[in-house]
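Any chance you could fold what I've pasted below:
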Amino acid sequence: MAQALAEAKQLGYEGLELCFGMPGFDEKTSKEGLRGYAAGAKKLGIKIATACSGAYWGMSLGAVDEKERKRAVEFTKAYLKAASLV
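Take a look at the predicted model:
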């Protein structure tokens with residue numbers, strides 16, 4: 001993550017979009033790790049502007065299957081929690 005932020009800054013970008021669900025930015029990433037990304041971005045003078053996810057192509061909040069809906073809800077909770085920390 002630090003490398004991606006640094007490279008984006010070097011290229012002249014003002015911000016970067018993070019993709020939730022990728023290694024290093026997923027439900028397993030600690031609060032400390034997420035806060036570290038925010039601190040690193042601030043130190044570099046670049047914003048973590050948005051968060052995205054392609055996970056909903058494989059699960060839906062509106063799915064007929066209850067297990068899929070529950071998985072999507074839990075993923076969404078983790079996604080929102082992570083986004084609030086970066």
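
Of all the residues in the longest helix along the chain, which ones are buried?
Across the chain, the helix with the greatest residue count (assigned by DSSP state H) is helix 66-85. Buried positions in helix 66-85, judged by neighbour count with 16 or more other C-beta atoms under 10 Å: 71-72, 75-76, 78-79, 82-83. Every residue, glycine included, has its C-beta placed from N, CA and C.

Any idea what the residue nearest the centre of the chain is bridged to?
Among the residues of the chain, Phe20 comes closest to the average C-alpha position under C-alpha atoms, centre = their mean, at 3.4 Å. Here Phe20 sits in beta bridges with Met22, going by DSSP bridges.

right, and it touches Ala83 too?
Yes - contact between Phe20 and Ala83 holds when scored by C-beta atoms under 8 Å: they sit 7.0 Å apart.

Identify the contacts common to those two.
Residues touching both Phe20 and Ala83 (C-beta atoms under 8 Å, 6 or more residues apart in numbering): Ala51.

how about the longest helix of the chain as CSV, C-alpha atoms only?
Included here for helix 66-85 are C-alpha records, laid out as CSV according to Å, rounded to 0.1, in the frame of the first residue of the first chain:
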residue,chain,number,x,y,z
GLU,A,66,-30.3,-16.3,2.4
LYS,A,67,-26.7,-17.4,2.9
GLU,A,68,-25.5,-15.2,0.0
ARG,A,69,-27.4,-12.2,1.4
LYS,A,70,-25.9,-12.8,4.8
ARG,A,71,-22.4,-13.0,3.3
ALA,A,72,-23.0,-9.8,1.4
VAL,A,73,-24.2,-8.0,4.6
GLU,A,74,-21.2,-9.1,6.6
PHE,A,75,-18.9,-8.1,3.8
THR,A,76,-20.6,-4.7,3.6
LYS,A,77,-20.2,-4.2,7.3
ALA,A,78,-16.5,-4.9,7.1
TYR,A,79,-16.2,-2.7,4.0
LEU,A,80,-17.8,0.3,5.7
LYS,A,81,-15.8,-0.2,8.9
ALA,A,82,-12.5,-0.3,6.9
ALA,A,83,-13.5,2.7,4.8
SER,A,84,-14.2,4.7,7.9
LEU,A,85,-10.6,4.1,9.2
